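My questions are about this predicted structure, shown below with the sequence.
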Amino acid sequence: MPNERIVFNPDDLESAVRQIAAVWDLDEDALDVLRQTLALFTRPITLVVDEASVVYYSETPLIDHFTFNMQTDELVLLSRDPLTLIDALVEMAMYVAGFATLMGAEDQWKVEFAIGAWKPVRNRIKRQLGVPVLDEPLWIVGLPPNPEDGVLGDQHPFRMLVSQLDMASFTQMVRLAARDDVEVNFPNGTDPRVIEVYIRMKTAMYQVADELALEDWREFNRRLLHFIQDLEEAYHPSDLPVPAWWQHMLLAQDEASLEDPHPPSAGGDLPPGKPRWNPFETYLEELFSEEDADYWE
């Protein structure tokens with residue numbers, strides 16, 4: 001199925017509204033919100049619906065269902081959900097305005113931190129537009145396993161993940177801190193330093209975004225880099241140990257890359273900053289998928 005592609009020119013707003021309405025089947029109230037959102041843009045943009053990825057990403061709730069192609073300045077949608085469309089357009093407006101994404105940074109936790117710091121700004125803009133904002137978590141991670149599954153508490157993947165502070169748990173705490181729709185339940189035996197990282201990261205993300213609006217991108221970027229430097233000095237992430245399971249997965253990824261230069265992906269050509277296949281992310285999606293089935297609220 002070919003990708004949907006819509007070119008939006010701020011000088012012809014209604015043309016884009018008609019095209020988007022045809023793809024997303026929006027009602028009149030949603031179209032009014034769409035017009036207000038598109039009015040945030042000062043230059044043309046292109047929206048692409050990556051049809052090959054829509055089905056795959058519908059099953060991965062713990063990642064954003066859109067991304068930016070930083071080479072072509074395209075907004076790539078990985079979902080047909082109208083609320084995702086609005087979130088994506090608001091964040092694209094932030095990207096166009098100049099908010100730093102850190103996509104492509106060598107340290108993935110910095111990208112995750114930037115993602116989390118964007119969200120309070122995005123939500124403030126949405127409230128200004130009269131768009132509903134999610135205020136309550138939809139997912140819980142870290143709850144005890146179901147005894148019927150035959151998994152002992154000590155063998156539960158999340159408990160193993162948070163039992164020590166290492167590169168995997170550090171990166172995942174940043175990632176979870178960036179999610180305003182996820183609540184984390186830390187089981188007995190959690191390394192206190194892991195909880196500290198989660199709380200400090202979540203707090204820092206809100207401090208970066210505090211009271212900032214679309215026009216405040218310079219201050220956002222200044223704060224973002226300042227807090228990342230402080231956090232790097234506090235935790236020295238590059239010196240954290242790498243768990244054996246992650247080392248094995250990375251080795252498997254390297255071997256697979258040698259055999260197949262185009263490893264499995266969600267489909268389509270995702271832009272730079274969105275890896276085609278990431279063993280760390282694959283492990284975590286599998287880790288939480290079992291819990292998601294039981295604790296969806």
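Arrived safely, thanks for sending. Numbering: from 1, shown residues only.

my read: E51 touches E4, true?
Yes. Judged on Cβ atoms under 8 Å, E51 makes contact with E4 at a distance of 7.0 Å. (Glycine included, C-beta is placed from N, CA and C.)

give the contact list for V7.
A16, P44, I45, T46, L47 (Cβ atoms under 8 Å, 6 or more residues apart in numbering).

What strand or helix carries the first one?
When secondary structure is defined by DSSP states H and E, A16 falls within helix 13-24.

Now do the strands in this structure.
Counting by DSSP state E, the chain has these strands, from start to end: 4-8, 45-49, 66-69, 74-77, 139-141, 182-184.

Direction included, what does the third one pair against?
With DSSP bridges as the test, strand 66-69 is paired with strand 74-77 (antiparallel).

Could the C-alpha coordinates of the strand it pairs with be exported in PDB?
Presented in PDB, the C-alpha positions along strand 74-77 are these (Å, rounded to 0.1, in the frame of the first residue of the first chain):
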ATOM      1  CA  GLU A  74       8.900  15.600   6.800                       C
ATOM      2  CA  LEU A  75       6.500  14.600   9.600                       C
ATOM      3  CA  VAL A  76       6.100  10.800   9.500                       C
ATOM      4  CA  LEU A  77       3.000   9.400  11.000                       C
END
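
right, and out of the contacts of V7, which lies closest to D210?
I45 (27.5 Å; Cβ to Cβ).

Test my guess that the closest one contacts L75.
Yes. Using Cβ under 8 Å, I45 is in contact with L75, at 6.1 Å.

Look at those two and report which has more neighbours.
Per other Cβ atoms under 10 Å, whichever of I45 and L75 has more neighbours is L75, with 25 against 22.

Quick check, pLDDT for the spatially closest residue to the more buried one that is not a sequence neighbour.
Spatial nearest neighbour of L75, chain neighbours left out: M92 (4.4 Å); criterion: Cβ to Cβ, 6 or more residues apart in numbering. Predicted confidence (pLDDT) for M92: 94.

cool, D27 as well?
D27 carries a pLDDT score of 86 in this model.

Also the one 5 residues further on?
D32 is assigned 91 on the pLDDT scale.

Would you confirm that F99 contacts P120?
No. Using Cβ under 8 Å as the test, F99 is too far from P120 to be in contact (12.0 Å).

Compare these two (neighbour count), which wins?
For F99 versus P120, neighbours defined as other Cβ under 10 Å are more numerous around F99 (23 against 19).

residues in contact with that one?
W118, V121, W217, F220, N221.

tell me which of the residues you listed is nearest to E28?
Closest to E28 out of these is V121 (27.9 Å), distances taken as Cβ to Cβ.

and that closest one, how many residues sit next to it?
23.

Repeat that for V182.
18.

In contact with it, which residues?
Per Cβ under 8 Å, 6+ apart, neighbours of V182: L62, P137, L138, W139, I140, V141, L176.

Pick out the most distant pair among these.
Using Cβ to Cβ, the two most remote members of those are L138 and L176, lying 13.3 Å apart.

that older thread, in helices only, show me the contacts of F99.
Judged by DSSP state H, the contacts of F99 include W118, V121, W217, F220, N221 as members of helices.

thinking again about what came up before, how many residues are close by the residue nearest to L75?
M92, neighbours per other Cβ under 10 Å, totals 23.

Pull up the gap between the nearest residue to S238 once chain neighbours are set aside and V90, please.
Among residues not flanking S238 along the chain, D107 sits closest, at 7.3 Å (Cβ to Cβ, 6+ apart). Using Cβ to Cβ, to the nearest Å, we find D107 at a distance of 26 Å from V90.

So the two - more neighbours on which side?
Per other Cβ under 10 Å, whichever of D107 and V90 has more neighbours is V90, with 22 against 16.

Confirm for me that that one is in contact with L40.
Yes. Counting by Cβ under 8 Å, V90 does reach L40; the two are 7.1 Å apart.
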